[in-house]
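Participant: below are the sequence and a predicted model for it; my questions follow.
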Amino acid sequence: MTLKEKDPAPAFSLSSTGGQTIGLKDLKGKKIVLYFYPKDDTPGCTKEACNFRDGIADLEKAGAVVLGVSPDNVASHEKFQKKFNLPFALLADIDHAVAEAYGVWKEKSMYGKKYMGIERTTFIIDGKGKIAKIFPKVKVEDHHSEVLAALAAIA
């Protein structure tokens, strides 16, 4: 099933940095920037995370909570978060069930080798739990600006 804008966001509850479990229901009434990325501390993922970090004040001013999701475990997330001073939670989707629910667990190819992994995608979820905007196959350069512009259009 492919998610579309205005669809209800699939529920999730995942372990996160800071020893918490964060679920969709815990954030009811808030705008959520849920970004899926392939792997902690790799070039593209670091650039994307730092882009969100550098724009966090504007994103929060727009009323958004930023959450990063990858299949890495919490220990890996905490190292990544500390190394780059990331001011938002990273969620551990170790069995990639949430990535599958959001349709971003895909067959990928690198150097002719096929494997399953996350296709870099960002979802904006409105305060009612509906998907307000989807950014598929994200280009990491200045992505937070696109997200900020989309947030401005969401009630």
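Facilitator: Yep, it's here.

Participant: can you tell me the centre-most residue of this protein?
Facilitator: For the chain, the residue lying nearest the average C-alpha position, counting by CA atoms, centre = their mean, turns out to be residue 35 (1.6 Å).

Participant: element containing that one?
Facilitator: Residue 35 is part of strand 31-36, with elements assigned from DSSP states H and E.

Participant: what packs against that strand?
Facilitator: Judged by 3 or more CB pairs under 8 Å, 6 or more residues apart in numbering; DSSP states H and E, strand 31-36 is in contact with helix 43-54, strand 64-70, strand 121-125, helix 143-152. Glycine gets a C-beta too; all of them are placed from N, C-alpha and C.

Participant: mean pLDDT for those - can I get that in CSV?
Facilitator: Listed next are the helices and strands packed on strand 31-36 as CSV, based on pLDDT from 0 to 100:
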stretch, mean pLDDT
helix 43-54, 94
strand 64-70, 97
strand 121-125, 96
helix 143-152, 90
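
Participant: with mean neighbour count and distance to residue 115 as added columns, please give those in CSV.
Facilitator: Compiled in CSV, those are given as follows (neighbours: other CB atoms under 10 Å; distance: least, CB to CB, whole Å):
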stretch, mean neighbour count, distance to residue 115
helix 43-54, 17, 16
strand 64-70, 24, 15
strand 121-125, 23, 17
helix 143-152, 17, 24
